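Engineer: Just need the structure, nothing else, for what follows:
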Amino acid sequence: MRRDLLHKNEERTSLNKDLPESEHNPDRREQTPPATVTGFHQDEDGHWVAELSCGHTQHLRHQPPWQSRAWVLDPAQRLEKIGRPFACGWCAQGSVSDNLGD
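Structural biologist: Got it, this is the predicted structure:
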């Protein structure tokens, strides 16, 4: 059996847009209101840690070329970040029970 190579194949998408599997951002980061930075402290290794309004913390390291955050080394620039929104990865994950299913 011979196939016509000029015949155009119809391609179909694997998921419909209205299905939950095709959500733009299934981990709900956009739905969770962002926390704000309330302060900073240094851990036992001297790395800066942001304190967030949600109660979580986030290490903010400046280790080029992987992490370029030179502002964490400057006290004035750290002070400017207080009160600014910060997307907390822990809050975006939801509670442990959200991940267990029925």
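
Engineer: Now the element after the longest helix along the chain, going C-ward?
Structural biologist: When the chain is parsed with DSSP state H, its longest helix is helix 75-81. Sequence order places strand 85-86 as the next helix or strand after helix 75-81, per DSSP states H and E.

Engineer: Adjacent strands (with direction) for that following strand?
Structural biologist: Sheet pairing for strand 85-86, assigned by DSSP bridges, gives strand 35-42 (antiparallel).

Engineer: Okay, buried residues for the partner strand please.
Structural biologist: The neighbour-count check on strand 35-42 (16 or more other C-beta atoms under 10 Å) flags 35-37, 40 as buried. (Each C-beta comes from the backbone N, C-alpha and C, glycine too.)

Engineer: Relative to the following helix or strand past it, what are the paired strands and their orientations?
Structural biologist: Downstream of strand 35-42, the next assigned helix or strand under DSSP H and E is strand 48-52. Using DSSP bridges, the neighbouring strands of strand 48-52 in the sheet come out as strand 35-42 (antiparallel), strand 57-60 (antiparallel).

Engineer: Rebuild those as TSV, extending it with distance to Asp74 and mean pLDDT.
Structural biologist: TSV is the format used below for these (distance: least, C-beta to C-beta, whole Å; pLDDT from 0 to 100):
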stretch	distance to Asp74	mean pLDDT
strand 35-42	11	95
strand 57-60	12	92
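
Engineer: sorry, back to before: what's in contact with the longest helix of the chain?
Structural biologist: Applying C-beta atoms under 8 Å, 6 or more residues apart in numbering, the contact partners of helix 75-81 are 37, 40, 48, 50, 71-72.

Engineer: Below-threshold pLDDT in this structure: ranges please.
Structural biologist: The chain contains residues with pLDDT under 70 at 1-32, 94-102.

Engineer: quick revisit: could I get the longest helix of the chain in CSV with only the CA atoms?
Structural biologist: The C-alpha coordinates for helix 75-81 follow below in CSV (Å, rounded to 0.1, in the frame of the first residue of the first chain):
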residue,chain,number,x,y,z
PRO,A,75,21.9,47.0,53.8
ALA,A,76,20.2,49.9,52.1
GLN,A,77,19.0,47.7,49.2
ARG,A,78,17.7,45.0,51.7
LEU,A,79,15.8,47.8,53.5
GLU,A,80,14.1,48.8,50.2
LYS,A,81,12.7,45.2,49.8
